[in-house]
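A.B. asks: Quick one, structure for this:
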Amino acid sequence: MSNLSANLYRLFVASILFRSIHGLTQPSRRSILKSSTFGVASILLSDPPKAHAVNQSKPKEFVDVGTQAPPPDGESAFTTLDNGVKIKDFRVGSGDDIVQGNSQNVMIQCTGRLLNLNGVIFYSTKNNNPDGFGPVPLSLNFGKGEVLPGLESGIIGMKKGAIRRIIVPADLAYSKYPELEPKPTSANDQRALDSVVKNTRRDATIMFDVQVERFK
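C.D. replies: Numbers count the residues shown, from 1 in each chain. So this is what the prediction gives:
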């Protein structure tokens with residue numbers, strides 16, 4: 001075998017190994033959507049990874065966000081609201097009071113993910129920890145046009161201590177309402193969000209994991 005042929009063969013083998021390794025390490029949207037209660041809680045309570053560039057091609061198996069497939073045994077399915085928002089409860093919470101459409105000072109711990117980028121986190125209240133004593137919750141006022149409509153409708157009905165996964169269509173999220181809460185807290189996170197929202201060829205569906213701490 002000539003030196004040129006040998007070098008080409010080595011490059012070919014290396015490319016196969018790279019693609020294999022990349023395929024094993026890249027998180028899938030389907031695995032994110034099928035997370036257990038522990039997985040959702042860990043997202044809310046652990047340090048979020050920084051937003052970074054990932055494979056920008058959209059896997060065709062994730063075209064419908066994966067929520068139409070039957071859930072694994074023992075897991076509940078997503079419920080679709082009238083406006084197209086999908087919700088799935090992981091913890092019901094306690095008490096008789098629920099978040100209403102006009103509730104004020106709704107305090108939540110929240111993580112936002114970009115499904116088009118296979119779950120890159122672009123927002124997390126975990127980053128709001130100025131004194132080192134724990135993350136400060138995000139305070140939201142409902143019924144005043146301050147919150148993403150899809151997120152607001154997805155939180156309505158939750159109880160204190162409840163944990164819910166909320167999938168918000170693009171037209172009820174940042175594509176139409178880029179200035180509403182929750183807003184990314186760093187330039188890197190904002191760039192990650194913009195890379196999806198400002199690219200019309202990408203699906204700007206957003207996934208939020210929310211835990212309600214308290215509300216009025």
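A.B. asks: SS state for V196?
C.D. replies: Here V196 is recorded as helix under DSSP: H, G, I helix; E, B strand; the rest coil.
A.B. asks: Let me know the pLDDT of A6.
C.D. replies: On the pLDDT scale, A6 is placed at 53.
A.B. asks: Who is L138 paired with across the strands?
C.D. replies: As for beta bridges, L138 partners with I108 under DSSP bridges.
A.B. asks: Report how many residues lie close to it.
C.D. replies: Here the number of neighbours of L138 (other CB atoms under 10 Å) works out to 20. Quick note: C-beta positions are derived from backbone N, CA and C, even for glycine.
A.B. asks: From what I see, it and P182 are in contact.
C.D. replies: Yes. L138 lies in contact with P182 (CB atoms under 8 Å); the separation is 5.7 Å.
A.B. asks: okay, and the common contacts of these two?
C.D. replies: C110 (CB atoms under 8 Å, 6 or more residues apart in numbering).
A.B. asks: Would you mark the buried spots in the one helix or strand D189 maps to?
C.D. replies: D189 is part of helix 187-197, with elements assigned from DSSP states H and E. Within helix 187-197, the residues scored as buried using 16 or more other CB atoms under 10 Å are 189-190, 192-193, 195-197.
A.B. asks: For it, name the packing helices and strands.
C.D. replies: strand 106-114, strand 120-124 (3 or more CB pairs under 8 Å, 6 or more residues apart in numbering; DSSP states H and E).
A.B. asks: as a whole number, average confidence for the following helix or strand past that helix?
C.D. replies: Counting by DSSP H and E, the next helix or strand C-terminal to helix 187-197 is strand 206-214. In this model, strand 206-214 carries a mean pLDDT of 97.
A.B. asks: Just list what strand 206-214 packs against, helices and strands only.
C.D. replies: helix 37-45, strand 106-114, helix 149-155, strand 163-168.
A.B. asks: Pull the contacting residues for the nearest residue in space to E146 that is not next to it in sequence.
C.D. replies: Leaving aside its chain neighbours, E146 sits nearest to E181 (5.8 Å; criterion: CB to CB, 6 or more residues apart in numbering). With contact taken as CB under 8 Å, 6+ apart, E181 is in contact with 138, 140, 146-148.
A.B. asks: now swap in G157 and tell me
C.D. replies: By CB under 8 Å, 6+ apart, the neighbours of G157 are 98-99.
A.B. asks: Backbone dihedrals for it, please?
C.D. replies: The phi/psi pair for G157 (degrees, to the nearest 10) reads phi 100, psi -10.
A.B. asks: Kindly provide the distance from it to V210.
C.D. replies: For G157, the distance to V210 (CB to CB, to the nearest Å) stands at 12 Å.
A.B. asks: cool, and S103?
C.D. replies: S103 is 14 Å from V210, by CB to CB.
A.B. asks: higher neighbour count, these two?
C.D. replies: V210 (25 against 20).
A.B. asks: I figured the more buried one hits I167, correct?
C.D. replies: No. At 11.6 Å, V210 does not count as touching I167 under the criterion of CB under 8 Å.
A.B. asks: circling back: got TSV for the helices and strands packed on strand 206-214, with mean pLDDT, mean neighbour count and distance to D96 too?
C.D. replies: TSV is the format used below for the helices and strands packed on strand 206-214 (pLDDT from 0 to 100; neighbours: other CB atoms under 10 Å; distance: least, CB to CB, whole Å):
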stretch	mean pLDDT	mean neighbour count	distance to D96
helix 37-45	55	16	23
strand 106-114	97	24	17
helix 149-155	98	24	17
strand 163-168	97	24	18
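A.B. asks: Many thanks, we can stop here.
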